[in-house]
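Peer 1: Take this sequence and fold it.
(4 chains)
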Protein chains: 4
Amino acid sequence: MHALPALGRFEGLEHYFGLRVYFEDTDLTGVVYHANYLRYLERARSDMLLAAGIDQRATFEGGGGAYAVRDIAMRYRAPARLSDELVVVSHLSALRPAAVIIQQRVMRGTLLLAEADVEAVFVSPTGRPRRQPAHWMAAFEPLVSKGN
Amino acid sequence: MHALPALGRFEGLEHYFGLRVYFEDTDLTGVVYHANYLRYLERARSDMLLAAGIDQRATFEGGGGAYAVRDIAMRYRAPARLSDELVVVSHLSALRPAAVIIQQRVMRGTLLLAEADVEAVFVSPTGRPRRQPAHWMAAFEPLVSKGN
Amino acid sequence: MHALPALGRFEGLEHYFGLRVYFEDTDLTGVVYHANYLRYLERARSDMLLAAGIDQRATFEGGGGAYAVRDIAMRYRAPARLSDELVVVSHLSALRPAAVIIQQRVMRGTLLLAEADVEAVFVSPTGRPRRQPAHWMAAFEPLVSKGN
Amino acid sequence: MHALPALGRFEGLEHYFGLRVYFEDTDLTGVVYHANYLRYLERARSDMLLAAGIDQRATFEGGGGAYAVRDIAMRYRAPARLSDELVVVSHLSALRPAAVIIQQRVMRGTLLLAEADVEAVFVSPTGRPRRQPAHWMAAFEPLVSKGN
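Peer 2: Residues are numbered from 1 along each chain as shown, chains lettered A, B, ... in the order given. Purely as a prediction, here's the structure:
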């Protein structure tokens, strides 16, 4: 079918997700507003879960819970501009029963624009940390890597 | 290359642009927040310009100006949810020296979720309406259609 | 107490809500991105409900439902810039069992920047239109006006 | 005048800025989407500059430059929900010729929701780090504190 949304994919243990910069992403200084990188990173993580066979919406709507970001460390290295084609490269660097740590970087070609360490905790619908579903753990275990 | 961002295309005089719904797009009612459809529509219009060979960033950075939305009429018909694959279908319904009118609809499969009429005016860097560049006009002229 | 959030108020049948433009609101053209006016309008409508004694969160969390925007017509007249102090002036122009129509304008001092007609429908948690709560109707009835 | 936007203020060396949570800020899990805290923090920093007598817009429009966030570390401790009244408490913990470090926390009453360390670099219109204006330095110097 035509006009599919962006879909990333794994190459080995790294997940690649492409996106483009639109007017909504920029601010008056002419570059992407810093908070919007967190939106890019989350899109890439959601796409990584999709590519790993995980359906976040079904788990959430079934009352199972969802991830909540607990910690994020962002380092901005170079700006992005309107129409830029960016790639978010992500890998799972740690997996625990109720949490994951994901390292991500935003690239334009071979240039590093930003990098982040993100810890997300799985929480129940009322916000309490809980073990993530067994099939999520099973999907993630082969994807954990230490490298960068 | 892997991980390309979403890229739409023309089929006849209609432009198709795919996108996916992420957490950032939803609100606590569980569906896409109404204002975010305007972001989707703008992405599709920018992609339509790209597909028509127009480089908005070069024109803007060269001091030529940019479009500003003057009027928008949105009708919401059905909600969108996390992970939905949507398609924005757009066509140019009128072209004037300093303005365009674009009709757009947001679809999930064959279901109409929202539709919009958007009038955008070309403005100088100081915000005054001005004629759009000749090569923009030339690119748009073959794309104008009245149908829906 | 110090540092209260912005709180609007009614003057007669018109509700006034102040806000300031931040970096997040602008785009690379130097002015407020058009979709962000819809966020401003929604803040003002939510504040109007607060001022009318309506607790949207309690109704939603109690399973009662929430408003969904069905139609919006926006006309942009002049741009807003970083640090601008804006006022959104809103009034209820029609009230029906399952819907409201609200007219809103965004002002900077005496200058009209944008105006909108918004129709919001009250929907159940599964998205079906339903009658809004009786105490919402009772709160709104004295506020309906036709004028501008 | 009625309907003023939120305006924070200093108490000693700490700056307090109030805001309310709207629909736009939440996601389908019912709480504030994590990236939106960065928007809150930036509003508070901009308000802190206003309160210190600094006009970011005048400096930017005069070609002087603007801050760009270089590093941010966010720790999320408890969620925020629709209509919550939040306060962002900020203080300048370091000042250098071309950079500032600001520590911020987001509170609901006495409950800590999130805290952040933000390093912002002053950059020229073309994005190169440069000394911040002398009157910015002069305004900031009395505000630097180490405490929390």
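Peer 1: Contact distance from chain C - what residues of chain A qualify?
Peer 2: Along chain A, the residues adjacent to chain C under the rule CB under 8 Å from any CB of the partner chain are A:23-24, A:26-31, A:33, A:35, A:81-82. Heads up, the C-betas are built off the backbone N, CA and C, glycines and all.
Peer 1: For the residue nearest the centre of chain A, which residues are in contact?
Peer 2: Chain A has A:R45 as the residue nearest its centroid, 2.3 Å off, counting by CA atoms, centre = their mean. A:R45 makes contacts with A:90, A:102, A:104, A:118, A:120, as judged by CB atoms under 8 Å, 6 or more residues apart in numbering or on different chains.
Peer 1: which SS class is it?
Peer 2: For A:R45, the assignment made with DSSP: H, G, I helix; E, B strand; the rest coil gives helix.
Peer 1: Likewise for the one 3 residues further on?
Peer 2: Classification of A:M48 by three-state DSSP places it in helix.
Peer 1: my read: it touches A:H15, true?
Peer 2: Yes - A:M48 is within contact range of A:H15, at 4.3 Å (criterion: CB atoms under 8 Å).
Peer 1: List only buried entries from the contacts of A:R45.
Peer 2: A:90, A:102, A:104, A:118, A:120 (16 or more other CB atoms under 10 Å in any protein chain shown).
Peer 1: For those residues, give me JSON lines that also has pLDDT and secondary structure.
Peer 2: JSON lines is the format used below for these (pLDDT from 0 to 100; DSSP: H, G, I helix; E, B strand; the rest coil):
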{"residue": "A:S90", "pLDDT": "98", "secondary structure": "strand"}
{"residue": "A:I102", "pLDDT": "98", "secondary structure": "strand"}
{"residue": "A:Q104", "pLDDT": "98", "secondary structure": "strand"}
{"residue": "A:V118", "pLDDT": "98", "secondary structure": "strand"}
{"residue": "A:A120", "pLDDT": "98", "secondary structure": "strand"}
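Peer 1: would you list these in JSON lines and tack on distance to chain D?
Peer 2: Below are the buried ones among the contacts of A:R45 laid out as JSON lines (distance: CB to the nearest CB, whole Å):
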{"residue": "A:S90", "distance to chain D": "16"}
{"residue": "A:I102", "distance to chain D": "13"}
{"residue": "A:Q104", "distance to chain D": "13"}
{"residue": "A:V118", "distance to chain D": "9"}
{"residue": "A:A120", "distance to chain D": "9"}
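Peer 1: A helix includes A:I54, no?
Peer 2: No - A:I54 is assigned coil when assessed by three-state DSSP, not a helix.
Peer 1: In contact with it, which residues?
Peer 2: Residues near A:I54 by CB under 8 Å, 6+ apart: A:135-136, A:139.
Peer 1: Most neighbours among those residues, which one?
Peer 2: Ranked by the number of neighbours (other CB atoms under 10 Å in any protein chain shown), these place A:W136 first, at 22 neighbours.
Peer 1: per-residue pLDDT, that residue?
Peer 2: pLDDT, A:W136: 97.
Peer 1: now A:A3
Peer 2: A:A3 is assigned 68 on the pLDDT scale.
Peer 1: Could you check how many residues crowd around A:P133?
Peer 2: Using other CB under 10 Å, A:P133 is surrounded by 15 other residues.
Peer 1: can you tell me how far it sits from A:V100?
Peer 2: Separation of A:P133 from A:V100 (CB to CB, to the nearest Å): 13 Å.
Peer 1: rewinding a little: between A:M48 and A:H15, what contacts are shared?
Peer 2: A:8, A:90.
Peer 1: Could you report the distance from A:M137 to chain C?
Peer 2: Plainly put, A:M137 is 31 Å away from chain C if you go by CB to the nearest CB, to the nearest Å.
Peer 1: Enumerate every residue touching that residue.
Peer 2: With contacts defined as CB under 8 Å, 6+ apart, A:M137 is in contact with A:95, A:97.
Peer 1: Which strand or helix spans it?
Peer 2: Take DSSP states H and E as the rule and A:M137 turns out to sit in helix A:134-140.
Peer 1: what's the answer for A:L38, then?
Peer 2: Here A:L38, judged by DSSP H and E, is contained in helix A:36-51.
Peer 1: Residue numbers of chain A in contact with chain B?
Peer 2: Counting by CB under 8 Å from any CB, the residues of chain A close to chain B are A:2-6, A:8-9, A:11, A:16-20, A:22-24, A:39, A:42-43, A:46-47, A:50, A:55-57, A:60, A:81-83, A:85-87.
Peer 1: Kindly write the PyMOL command that selects the buried subset of those.
Peer 2: Typed into PyMOL, the line below selects the buried ones among these, using 16+ other CB under 10 Å:
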select buried, chain A and resi 3+5+6+8+16+17+18+19+20+22+23+24+39+42+43+46+47+50+56+57+60+81+82+83+85+86+87
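Peer 1: among the residues of chain A next to chain B, which are in strands?
Peer 2: Among the residues of chain A next to chain B, DSSP state E puts A:9, A:11, A:16-20, A:85-87 in strands.
Peer 1: give me the low-pLDDT residue ranges for chain A?
Peer 2: Residue ranges of chain A with pLDDT under 70: A:1-3, A:147-148.
Peer 1: Up against chain D, what does it have?
Peer 2: Counting by CB under 8 Å from any CB, chain A sits next to chain D at A:28-31, A:34-36, A:38-39, A:42, A:60, A:66, A:68-76, A:79, A:125, A:127.
Peer 1: just to revisit the earlier point, which one among the contacts of A:I54 gets closest to C:T110?
Peer 2: Nearest to C:T110, judged by CB to CB, of the contacts of A:I54 is A:W136 at 56.5 Å.
Peer 1: Distance of that closest one relative to chain C?
Peer 2: Distance of A:W136 to chain C, computed by CB to the nearest CB: 26 Å.
Peer 1: Nearest residue to that residue in space, ignoring adjacent ones along the chain?
Peer 2: With sequence-adjacent residues excluded and distances taken as CB to CB, 6 or more residues apart in numbering or on different chains, A:W136 is closest to A:I54, at 5.6 Å.
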